[in-house]
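In: What would the 3D arrangement of this be:
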Amino acid sequence: MRQPVSKGVPGWVIGAAIAGVIAVILIAVVLPMYEKAATISGLMSTNAEDRAAAKGKALEIGSMKLLDPLVVASGQCPPEAAVDYMETLIKLAPQGSSDYMKMKVRRIAEGWAEDESAEKRLAGAMGLTAYFSEENRRLLMLLIKDEDLRIRQTVAANLTVKSKVSAEVALAGIDDKDLQVRRNSADALMKIAVPSAAELLLAKAAKTDDVGMKATILRALAKRELAMEVGAAGFVPFLKDASVDVRKEAIVGIAMSGSPTASDLLIRALDDPSADVRHEVVWNAMCRRDGKVALAATGRLLTEPSSMVKEKTLKTVGPLNLRAAKDNVIALALKKDETPEIRIKALGTILSLKLTKMEERYPVVEVLLPVIFDADKEVSDKAKEIASALASGKRPTTPDGWKQWVEDKKKLMAVMKRIESTEKAAEQAMKDEEYKKAETLYLKTVDLMNEAIELCTEREKEAYWARQTSLNRQIRHAQQKASMQKPDQGSD
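Out: Below you'll find the predicted structure:
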């Protein structure tokens, strides 16, 4: 009798399914475990090429899968592989979702920072600076003084967090015997010093005999927030230092301190024997827009021996609107024993005084007459250029022409004074309701205005004509008021 055909799943299908499941398990579980183990093993290899390949693979796998196993295995890391191992940890930790991962890396670095192996101490320095914590002050101070130069350089070059502890560590590195460590420490100090470290830094600057270190510390203290903490008084002792560089840094600190006494201290520093220091004073006055100090510097223009300082002082006049410096600037331009370069710069500065009124500009042209025909052609040409600008474009070609122009302007200014006083009297008469008197005074003002127009250039006449039109309106107004006034009103 024939057997019935089975309707179940064929055995080969079941076998294939089992094989597929096993393959999936291998791919999903076993292979990643193998990759992680191989990567960790590669990072611990004494062969540099193996470590380089493993570092790349570690970044592909990512921190979520690899960082914890690396942390667990760190105790087995040989000294030769410590630096690469730490570099990998530092790169992986930021991929984590919290500071917890960074804390784990820092704990490994703390353990390695005091290892007998220089390689592990170097790796520890990398970890402690990458994930800085003020709790690690003791370890960082040990590392910045380590016998291995690479470790000291690493610490100094990687101090980036602003804190008092960072400043202490950088300060310890400033007097290192190695130039690069000193430079790195100085650069770090400029960036990381905080107000709470100001007292510590100031004390160090006061005690050290190293000029470079002292200047570097003061440069760090001259940052606005630290300088305000120190105050101008804290920088004063350094104004007497033998080093020009130290005195210059003290000037910057005083200027940045914002202290009420800062301006007076800077004015005193204008008597410093070094031109570089005096230049620093003027430069800071301009940068901080301290008109009091800049004006004091212009008062020394005629006695200042340094051309560099005089040039910088002249540059402050316009930006700081130092109109009170006019006489000193003009006197410098007239000074025969001054260099042509400085006289030319002084002449150029006159325009920056922004002398807009006729009674301000024209007298200056008169004062400049000796310079207009100076023996030095460049000085003479500059004086003519400035005088022409002040004279509204007028440019006589001979000494007699300039003298005549000045005489005409003197007459014009005298007439203008009479116009001003007469017009004021007319306005007062209008207020007093003495309209007939006001009319008479306005008519007199018009006559004076006609005299002024005769003395004006064509360019200037338009302004006077416009003013005359306004006066005519005032006359008509006064006439109208007078016609409406009763006979017994407005009498003298």
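
In: rest of the way, CA atoms for contacts and neighbours
Out: OK.

In: where in the stretch 301-450 of the chain is pLDDT low?
Out: Low-confidence segments of the stretch 301-450 of the chain, defined by pLDDT under 70: 393-394.

In: Could I get the full set of helices for the stretch 301-450 of the chain?
Out: When secondary structure is read from DSSP state H, counting those that start in this stretch, the stretch 301-450 of the chain shows helices at 307-317, 326-334, 340-351, 358-367, 369-372, 377-390, 399-431, 435-455.

In: Any chance of a markdown table for the ones you listed, columns distance to Pro260 and mean neighbour count?
Out: A markdown table is the format used below for the helices of the stretch 301-450 of the chain (distance: least, Cα to Cα, whole Å; neighbours: other Cα atoms under 10 Å):
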| stretch | distance to Pro260 | mean neighbour count |
| --- | --- | --- |
| helix 307-317 | 21 | 21 |
| helix 326-334 | 27 | 20 |
| helix 340-351 | 30 | 20 |
| helix 358-367 | 34 | 18 |
| helix 369-372 | 42 | 20 |
| helix 377-390 | 39 | 20 |
| helix 399-431 | 43 | 17 |
| helix 435-455 | 50 | 20 |
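
In: Can you pull up the most central residue in this structure?
Out: When Cα atoms, centre = their mean is applied to the chain, the residue found nearest the centroid is Cys287 (8.0 Å).

In: Tell me which residues touch it, please.
Out: With Cα atoms under 8 Å, 6 or more residues apart in numbering as the criterion, no residue contacts Cys287.

In: circling back to that earlier point, looking at the helices of the stretch 301-450 of the chain, which is nearest to Leu201?
Out: Nearest to Leu201 among these is helix 307-317 (31.0 Å), distances taken as Cα to Cα.

In: got the angle for the closest one vs helix 340-351?
Out: Per axes from the mean of the first three to the mean of the last three Cα atoms, to 10 degrees, the angle that helix 307-317 makes with helix 340-351 is 10 degrees.

In: Quick one: list the elements packing against helix 307-317.
Out: In terms of contacts (3 or more Cα pairs under 8 Å, 6 or more residues apart in numbering; DSSP states H and E), helix 307-317 is packed against helix 275-287, helix 291-298, helix 340-351.

In: which one of the ones you listed lies closest to Leu221?
Out: helix 275-287 (15.6 Å).

In: Convert the closest one to CSV, retaining C-alpha atoms only.
Out: Presented in CSV, the C-alpha positions along helix 275-287 are these (Å, rounded to 0.1, in the frame of the first residue of the first chain):
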residue,chain,number,x,y,z
ALA,A,275,60.1,108.1,24.2
ASP,A,276,58.5,104.7,23.9
VAL,A,277,56.8,105.1,27.2
ARG,A,278,55.5,108.6,26.4
HIS,A,279,54.3,107.3,23.0
GLU,A,280,52.4,104.5,24.9
VAL,A,281,50.7,107.1,27.1
VAL,A,282,49.5,109.1,24.0
TRP,A,283,48.5,105.9,22.2
ASN,A,284,46.4,104.8,25.1
ALA,A,285,44.9,108.2,25.5
MET,A,286,43.7,108.1,21.9
CYS,A,287,42.4,104.5,22.2
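
In: I'd like the mean pLDDT over it, please.
Out: Average pLDDT, helix 275-287: 96.

In: got the buried residues for that helix?
Out: Ala275, Asp276, Val277, Arg278, His279, Glu280, Val281, Val282, Trp283, Asn284, Ala285, Met286 (16 or more other Cα atoms under 10 Å).

In: quick one, what contacts the closest residue to the fourth one other than its chain neighbours?
Out: By that I understand Arg278. Distances taken as Cα to Cα, 6 or more residues apart in numbering place Leu270 nearest to Arg278, at 5.1 Å, with adjacent residues excluded. With contact set as Cα under 8 Å, 6+ apart, Leu270 has these partners: Val277, Arg278, Val281, Ala297.

In: give me phi/psi at Leu270?
Out: Main-chain dihedrals, Leu270, degrees, to the nearest 10: phi -70, psi -10.

In: what stretches of the stretch 1-150 of the chain score poorly on pLDDT?
Out: For the stretch 1-150 of the chain, applying pLDDT under 70 flags the ranges 1-34, 63-64, 95-98.

In: Just put the buried residues of helix 275-287 in CSV and tack on distance to Ala414.
Out: Compiled in CSV, those are given as follows (distance: Cα to Cα, whole Å):
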residue, distance to Ala414
Ala275, 46
Asp276, 48
Val277, 47
Arg278, 44
His279, 43
Glu280, 45
Val281, 43
Val282, 40
Trp283, 42
Asn284, 43
Ala285, 40
Met286, 39
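
In: Of those residues, which pair is most distant in space?
Out: Ala275 and Met286 (16.5 Å).

In: on that earlier part again, roughly how far apart are the residue nearest to Arg278 and Thr313?
Out: 11 Å (Cα to Cα, to the nearest Å).

In: got any residues that touch both of the two?
Out: In contact with both Leu270 and Thr313: Ala297, using Cα under 8 Å, 6+ apart.

In: the domain parsing of this structure - what is it?
Out: The record's domain split for the chain, according to automatic domain parsing, is 31-131, 406-492.

In: Quickly compare those domains and say which is most buried.
Out: Scoring the domains of the chain by mean neighbour count under mean count of other Cα atoms under 10 Å gives domain 31-131 as the most buried, with a mean of 19.

In: so how far is it from its chain's centroid?
Out: On the basis of Cα atoms, centre = their mean, to the nearest Å, domain 31-131 is displaced by 41 Å from the centre of the chain it belongs to.

In: likewise stretch 274-290?
Out: 14 Å.

In: Also stretch 244-261?
Out: 15 Å.

In: Show residues contacting it.
Out: So stretch 244-261 is contacted by 211, 214-215, 218-219, 221-224, 227-233, 235-236, 238-241, 262-263, 265-266, 269, 274, 276-277, 280-281, 284-285, 288 (Cα under 8 Å, 6+ apart).

In: try 6 Å
Out: Stretch 244-261 has contacts (Cα atoms under 6 Å, 6 or more residues apart in numbering) with 215, 218-219, 222, 224, 227-228, 231-232, 235, 238-239, 262, 277.

In: same question, stretch 402-415
Out: Glu366, Pro396, Ala452.

In: got the buried residues for stretch 189-203?
Out: Neighbour count says stretch 189-203 has Leu189, Met190, Lys191, Ile192, Ala193, Val194, Pro195, Ala197, Ala198, Leu201, Leu202 buried, by 16+ other Cα under 10 Å.

In: Taking these, tell me the two that lie furthest apart.
Out: Top of the distance list for these (Cα to Cα): Lys191 and Leu202, 16.4 Å.
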